[in-house]
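Visitor: attaching a predicted model along with its sequence, questions to come.
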Amino acid sequence: MDIKEYAHEHHVPIMLDDGLQFLLEYIQTHNIKTILEIGTAIGYSSMQMAKLDKDIKIDTLEIDPQMYGLAMENINNNQLADQITCYLTDALAFRTDKHYDMIFVDAAKGKYRRYLEHFLTNSDLFIFDNLEFHGIVDDPQLTHNRNTRSLVKKLRTFRDDILKDPKFHCEYHKDIGDGILVLKPIRY
């Protein structure tokens, strides 16, 4: 069974095809070589990014031990361990002096603002996935789950605030994937 099939069968969230295609094209057209990924899951997106170019190096962070184990297995089985370093850690506890060409965020949606603040000095480019969260961000009535409503409220607040924040240049692609935000801090 391939990784994408495994993800669908076991309800592991991975990027939607058009969102992933956007991400991969962005990496290629902007000559991105170093990436920090927040939210490894089973390693699907990091492996897709690494396969673009042998010079791409990725550090990826995963908090769930089971997902981390599956990601390590997938990365090793695909002979990508020389390009992808996976860390079992909470992203907010991860410290590094590295400067990445890009930070890709696809982890705990309610912590997007905290991730941005935590890693702000580590990159001049952030890409966030899932800012539409299956359409629920703009229409919270699509769910009756209280925890999901709380999550989408945080996502909506992050999205709406960041799009108006003069400290960032943002490109919001509502209709690509599940809502992709390309964010660049404005450095003075």
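Guide: Yes, it's here.
Visitor: so who does N122 touch?
Guide: N122 is in contact with 36, 96, 98-100, 103, counting by Cβ atoms under 8 Å, 6 or more residues apart in numbering. C-beta coordinates here come from the backbone N, C-alpha and C atoms, glycine included.
Visitor: contacting residues for P166?
Guide: Per Cβ under 8 Å, 6+ apart, neighbours of P166: I186.
Visitor: and for L23?
Guide: By Cβ under 8 Å, 6+ apart, the contact list for L23 reads 15, 45, 49, 104, 127, 129, 180.
Visitor: apply 10 Å and report the result again.
Guide: Neighbour list for L23: 15, 32, 35, 45, 48-49, 52, 102, 104, 106, 127, 129, 176-177, 180, 182 [criterion: Cβ atoms under 10 Å, 6 or more residues apart in numbering].
Visitor: kindly report the same for L36.
Guide: 58-61, 87, 91, 94, 96, 98-105, 119, 122-123, 126.
Visitor: name the element it belongs to?
Guide: Taking DSSP states H and E as the definition, L36 sits inside strand 34-38.
Visitor: quick one: name whatever helix or strand follows that strand.
Guide: Per DSSP H and E, the first helix or strand lying C-terminal to strand 34-38 is helix 44-50.
Visitor: let's see that next one as CSV, backbone CA atoms only.
Guide: In CSV, the C-alpha atoms belonging to helix 44-50 read as follows (Å, rounded to 0.1, in the frame of the first residue of the first chain):
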residue,chain,number,x,y,z
TYR,A,44,4.1,12.4,3.0
SER,A,45,4.6,16.1,2.3
SER,A,46,8.3,16.1,3.4
MET,A,47,9.0,13.2,1.1
GLN,A,48,7.3,14.9,-1.8
MET,A,49,9.3,18.1,-1.2
ALA,A,50,12.6,16.1,-0.9
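Visitor: other SSEs contacting that helix?
Guide: The contact analysis (3 or more Cβ pairs under 10 Å, 6 or more residues apart in numbering; DSSP states H and E) places helix 44-50 against helix 3-9, helix 17-29, strand 34-38, strand 57-62, helix 65-77, strand 84-88, strand 102-105.
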